[in-house]
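Participant: Structural data only, the sequence is not supplied:
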């Protein structure tokens, strides 16, 4: 019976892309978060208390920038939401890199505030895109699929992150988290392609087609020059 229901459930490409992106995003997060206080306690002047306070800094900045981003994006078009999404994920990757390159208590506070900014910018746009592409008949089950995918990937990431930290140290975890966060942008780029194909007459689509043609012409020109 469950198998037949799953077979009948058709999830559109946008929802699939967002679910995959969320799995990558929160896998990156859970490489670090379960053992974050251990990492901070090993830094000069670090402690469990400071780990907790840095997480509070992240939450506060996320609230502020989430509200600001949500207010700004209200009524805005899809392209604006996609821009905020990609910008937020890019900033998140830079934050992880910053923690890997320059481990110190000051940088933990700074980059965790930066992470709050990044997720605050991206989350309202992401949630809006997800909810507007849900089918009303399937919304409850799709949300459960999103939850299941995210929590399974987080569980796996937490285990792998603990093993890597034990064997190779914490810095490599931040590099992996940065790569996974960057990879979470790819499904949204796939979504952009899907959206352009389904909205070919919009200014954004026309500009994208024109940019693609210009790039292809330059590539052809450069290849001829080399020959």
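Facilitator: Ah, there it is. On a predicted model such as this, the values are computed, not experimentally measured, just so you know. Residues are numbered from 1 along each chain as shown.
Participant: And the helix or strand hosting residue 164, how far out from the chain middle?
Facilitator: In this assignment (DSSP states H and E), residue 164 forms part of helix 139-168. Relative to its chain's centre, helix 139-168 lies at 14 Å (CA atoms, centre = their mean, to the nearest Å).
Participant: again, but for stretch 138-153
Facilitator: Relative to the chain's own centre, stretch 138-153 is displaced by 16 Å; criterion: CA atoms, centre = their mean.
Participant: tell me what the one helix or strand residue 177 maps to is packed against?
Facilitator: For residue 177, the host element (DSSP H and E) is helix 171-183. On a contact count with 3 or more CB pairs under 8 Å, 6 or more residues apart in numbering; DSSP states H and E, helix 171-183 meets helix 13-32, helix 78-101, helix 139-168. Heads up, the C-betas are built off the backbone N, CA and C, glycines and all.
Participant: Name the residues of the second one that are buried.
Facilitator: Just to be clear, that refers to helix 78-101. 78-79, 81-82, 84-100 (16 or more other CB atoms under 10 Å).
Participant: and that helix with helix 171-183, angle?
Facilitator: Relative orientation of helix 78-101 and helix 171-183, computed by axes from the mean of the first three to the mean of the last three CA atoms, to 10 degrees: 170 degrees.
Participant: what about residue 63, neighbour count?
Facilitator: Look at residue 63: counted by other CB atoms under 10 Å, it has 12 neighbours.
Participant: per-residue pLDDT, residue 55?
Facilitator: On pLDDT, residue 55 comes in at 94.
Participant: In this structure it contacts residue 115, no?
Facilitator: No - at 9.8 Å, residue 55 does not count as touching residue 115 under the criterion of CB atoms under 8 Å.
Participant: Please say which of these two ends up with more neighbours.
Facilitator: Neighbour totals were compared for residue 55 and residue 115, and residue 115 leads with 26 against 18 (other CB under 10 Å).
Participant: if I pick that one, what's in contact with it?
Facilitator: Residues counted as contacts of residue 115 (CB atoms under 8 Å, 6 or more residues apart in numbering) are 58, 62, 92, 95.
Participant: Helix, strand, or coil at it?
Facilitator: Of the three states, residue 115 takes helix according to DSSP: H, G, I helix; E, B strand; the rest coil.
Participant: now residue 135
Facilitator: Residue 135 ends up coil, using three-state DSSP.
Participant: Can you lay out the helices and strands packed on helix 171-183 as CSV showing mean pLDDT and distance to residue 126?
Facilitator: CSV is the format used below for the helices and strands packed on helix 171-183 (pLDDT from 0 to 100; distance: least, CB to CB, whole Å):
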stretch, mean pLDDT, distance to residue 126
helix 13-32, 89, 7
helix 78-101, 89, 6
helix 139-168, 92, 11
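Participant: okay if I get these as a markdown table plus distance to residue 178?
Facilitator: As requested, those are exported to a markdown table (distance: least, CB to CB, whole Å):
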| stretch | distance to residue 178 |
| --- | --- |
| helix 13-32 | 8 |
| helix 78-101 | 4 |
| helix 139-168 | 13 |
